[in-house]
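Student: need a 3D model of the following:
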Amino acid sequence: MSDTLLFFRQLVSRPVEISAIAPSSRYLARAMAKELGPQTGRVVEFGPGTGRLTQGILNAGVAPKDLSVYEMNPDFVSHLKGKFPGIAVHLAPAQTCVDHEKDVGAVVSGLPLLSMPEALRMEIVAAAFKILRPGGIYVQFTYGPRPAMTDAEIDALGLTWKKTAFVALNLPPARVHTFRRKAER
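Tutor: Residues are numbered from 1 along each chain as shown. Modelled structure (predicted):
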């Protein structure tokens, strides 16, 4: 089944879980993976869906053996396992990454953080920074002009952020934000 058909089937059958009107574009995937490459080492992706961002991560030069993805939709998990042999695919919530990962160079998130309760949003981002090695980055996109967390949440986690891309060729257009620990800025 094609990525697009799978996406739309899931959108119709599980609209609350999907939170997007179309799969991420290859332009967004490229922008999300812009700071990644073979030198990044371990990369973890949250919410890969059909794998468009996953493909962007691999295209940036991250080796399949260095990529782990966390997805809660079993249909997407089956699709990802068939499409990307060699990567670790977990049918699990993003925040469980702390049980499986360490010394990660980057976390790339396609999760709809703004549609989640604040406590869950904080738990997910905190988990990302627990597994990130010093100097590691957290990359998140959003459809709005601001990051997917409030200033208070960002401060509470001891983070700093910058907008690293605006992707007009995505439906809807998206902004990419990169987060780092304040102490490592």
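
Student: rest of the way, CA atoms for contacts and neighbours
Tutor: Will do.

Student: relative to A29, how far out is the residue nearest to L28 when sequence neighbours are not counted?
Tutor: Excluding the flanking residues, the one nearest L28 by Cα to Cα, 6 or more residues apart in numbering is V167, at 6.0 Å. Distance, V167 to A29, using Cα to Cα, to the nearest Å: 10 Å.

Student: and what of P112?
Tutor: From P112 to A29 the distance is 15 Å (Cα to Cα).

Student: who's more crowded, the two?
Tutor: More crowded of P112 and A29, by other Cα atoms under 10 Å: A29, with 22 against 18.

Student: helix or strand: which one has the more buried one?
Tutor: helix 26-32 (DSSP states H and E).

Student: output the contacting helices and strands for that helix.
Tutor: Contact here means 3 or more Cα pairs under 8 Å, 6 or more residues apart in numbering; DSSP states H and E; on that basis helix 26-32 packs against helix 52-59, strand 132-142, strand 159-167, strand 174-181.

Student: so which of these is nearest K102?
Tutor: strand 132-142 (6.8 Å; Cα to Cα).

Student: export that closest one as CSV, just CAs?
Tutor: What follows is strand 132-142, C-alpha atoms only, in CSV (Å, rounded to 0.1, in the frame of the first residue of the first chain):
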residue,chain,number,x,y,z
LEU,A,132,20.3,12.9,24.3
ARG,A,133,24.1,13.1,24.9
PRO,A,134,25.7,16.4,25.7
GLY,A,135,25.4,18.6,22.6
GLY,A,136,22.4,16.6,21.2
ILE,A,137,19.5,18.3,19.5
TYR,A,138,15.7,17.9,19.6
VAL,A,139,14.1,18.8,16.3
GLN,A,140,10.3,19.5,16.2
PHE,A,141,8.0,21.0,13.5
THR,A,142,4.8,22.8,14.0
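
Student: what sits against the residue positioned nearest the centre of the chain?
Tutor: The centroid of the chain falls nearest to S109 when counting by Cα atoms, centre = their mean (1.5 Å). Contact analysis of S109 by Cα atoms under 8 Å, 6 or more residues apart in numbering lists 45-48, 138-141.

Student: and the helices in this structure, which stretches?
Tutor: 3-13, 15-18, 26-32, 52-59, 74-83, 118-131, 151-156 (DSSP state H).

Student: weakest of these in terms of mean pLDDT?
Tutor: Mean pLDDT per stretch puts helix 15-18 lowest among those, at a mean of 60.

Student: coming back round to it: now the helices of the chain in a markdown table, with distance to T40?
Tutor: Output for the helices of the chain, formatted as a markdown table (distance: least, Cα to Cα, whole Å):
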| stretch | distance to T40 |
| --- | --- |
| helix 3-13 | 27 |
| helix 15-18 | 29 |
| helix 26-32 | 14 |
| helix 52-59 | 11 |
| helix 74-83 | 22 |
| helix 118-131 | 14 |
| helix 151-156 | 24 |
